[in-house]
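1. quick one, fold the following:
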Amino acid sequence: MLAGFAPLTDARTRLLVLGSFPGVASLDAAQYYAHPRNQFWPIVGQLLGLDLKAMAYEDRLAAVRERGLGIWDVYAACEREGSLDSAIQQAEFNDFASLIPTLPLLRGIAHNGGESARAQRFTASFGVPVFKLPSTSPANASWSFERKLAAWRRVFAECGLIEP
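-> Next up, the predicted model:
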C-alpha cells in the first residue's frame, strides 16, 4: 500500500486543488507534482506571477500557501503499479471532514483531472463551489498548455487568488 502526502493548507487557503494520488516521481521525491513534464507548477506560477520552477521546493510551497492555494489529493493511500490513475486500486480517501473546518476562507475546491473529480460527490457536500480542471499530468496531452492555463485561470479568479 502506497501512502500519500499531508495537505498543504493553512488558515489562508481559499482554493484547495485536489489531485488523485502522487505519481512515482512525486513519491520518490516526496514532493507534490515532481514529474518534470507535469504542468502544475508552470501553470500555477504563471497565474500567480511567480517563477515557481526556479524556487526551492519549500519556498514554492510557502509562496502558494501565502497566496491562498492549498494542495492535497483525493486518496490517502492506494495500491498502484506505475503512475497512471487507471492503475489505482484499493484506494482510501483522505479525511476531508477533518480538514475543511480548518479552512475558514475556503472559496472553492478544484479537482485536477478526471480521477480526482470522481470524488465530487464527497467534495460537493462542503458548501463551496467545486470545479473540475483539466489534468496537468503529462498523460493529458490532448489539452495544450494554453488551454489548460485558461481553464485554471477562470477558477483562480473565481476563488479570489487572482484578478478576473
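2. quickly note the distance from residue 160 to residue 153.
-> 13 Å (CB to CB, to the nearest Å). The way it works is simple: take the backbone N, C-alpha and C, and place the C-beta from them, glycine included.
3. now for the worst-scoring helix or strand of the chain on mean pLDDT, which elements pack on it?
-> The helix or strand of the chain with the lowest confidence, counting by mean pLDDT, DSSP states H and E, is helix 120-123 at a mean of 93. Applying 3 or more CB pairs under 8 Å, 6 or more residues apart in numbering; DSSP states H and E, we find helix 120-123 packed against strand 108-112, strand 130-133.
4. the helix or strand just after the first one: which residues count as buried?
-> In this case it means strand 108-112. Beyond strand 108-112 on the C-terminal side, the first helix or strand identified by DSSP states H and E is helix 114-117. Neighbour counts over helix 114-117 (16 or more other CB atoms under 10 Å) mark 115-117 as buried.
5. just the closest of those residues to residue 43, please.
-> Residue 43 has its nearest neighbour among those in residue 116, at 15.3 Å by CB to CB.
6. correct me, but the closest one touches residue 18?
-> Yes - between residue 116 and residue 18 a contact is recorded at 5.0 Å, counting by CB atoms under 8 Å.
7. what is in contact with the two at once?
-> A shared contact of residue 116 and residue 18, defined by CB atoms under 8 Å, 6 or more residues apart in numbering, is any residue touching both; here these are 73-74.
8. mind telling me what element the closest residue to residue 36 other than its chain neighbours is part of?
-> For residue 36, ignoring the flanking residues on the chain, the nearest one in space by CB to CB, 6 or more residues apart in numbering is residue 25 at 7.5 Å. When elements are assigned from DSSP H and E, residue 25 belongs to helix 24-29.
9. now swap in residue 138 and tell me
-> Secondary structure assigned from DSSP H and E places residue 138 in neither a helix nor a strand.
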